[in-house]
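Visitor: how would this look folded up:
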Amino acid sequence: MSAAQFTVAPEIFDRLPGLTIVVAWATGLDNDGDNPTVDDDWASSWATAGLLADTLPNPQSHPHVKAWGDRLKTGGVSRKDFPPSVEAVLRRAMKRGRRFSINPLVDFYNAVALRHVVPAGAFDVGALPQNVVLRTSRAGDTFWALDADAPVPVPEGEIAYAAGSTVLTRQLMWRQSRAGLVTPATTTVLFMSELLPEHPADLPDRVADGFQEGFQRHFGVDPQMGRITADAPTFTGTR
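Guide: Numbering: from 1, shown residues only. Coordinates of the predicted model:
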């Protein structure tokens, strides 16, 4: 059994003071085929989030989403050009349209995202040859969007999850690359949820419980749990 790390570089905490990332690392997963318990949770979270349309004029007005929009703007990220991922998912749910489904692991983290109105995402770390690092982008970094024919250079200074010179998400949580994409073949996964001091104090605990209990209930595995902060910037998991 080998160890792998997820690290947040110091400059990220300079740009996003007080950032906390809840981490769940799980191995031995079966993500191929139907998963009825995930589907039930995803349907419930989608329906509940849709009800927010009765009390909110738009998704960006939700306090959790607004906190991220304000912080990213302060950190030099255009909210208009690079909206937080949770804003995009919440917008679709509040329109009360047909619920989409990708695969059980993706539906699972989207259910957690909508239940708590927080960013949530994942990487197939078994498909990545290098450790995941959250850092600012640099010369030589490339990003291969899901709808693109080839990788493109990434401007220097973006907040990015990366593995080596491969950018996995641009502007923290805006858009995901083909590299590290969670698919039905995924067996080892890194879940993360990025939270701010402006969020309720108990929110990291609630999100962590959602990850841990969900992996146990939906996939029958006990994830390795962690919490990244400026004082503890590295998480080590085992493959």
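Visitor: From here on, just use CA atoms for contacts and neighbour counts.
Guide: Fine.
Visitor: Which helix or strand lies directly C-terminal to the helix or strand bottoming out on mean pLDDT in the chain?
Guide: When each helix and strand of the chain is scored by mean pLDDT, DSSP states H and E, strand 175-176 comes last, with a mean of 84. Sequence-wise, the next helix or strand downstream of strand 175-176 (DSSP states H and E) is strand 189-195.
Visitor: what sits up against that following strand?
Guide: Outside strand 189-195, the residues that touch it by C-alpha atoms under 8 Å, 6 or more residues apart in numbering are 19-27, 109, 118-126, 182, 204, 207, 211.
Visitor: doesn't residue 131 make contact with residue 180?
Guide: No - using C-alpha atoms under 8 Å, residue 180 is not in contact with residue 131; the gap is 11.0 Å.
Visitor: neighbour count winner among the two?
Guide: Set side by side, residue 180 and residue 131 show more neighbours around residue 180, with 25 against 15, by other C-alpha atoms under 10 Å.
Visitor: Now do the strands in this structure.
Guide: Ranges of strands in the chain, per DSSP state E, are 3-8, 20-26, 121-124, 132-136, 142-143, 152-153, 159-163, 166-170, 175-176, 189-195, 224-228, 234-238.
Visitor: Could you identify which of these is most buried?
Guide: Stretch with highest mean neighbour count among these: strand 166-170 (a mean of 27; mean count of other C-alpha atoms under 10 Å).
Visitor: How far does it sit from its chain's centre?
Guide: Put simply, strand 166-170 sits 12 Å off its chain's centre (C-alpha atoms, centre = their mean, to the nearest Å).
Visitor: Perfect, I'm done here.
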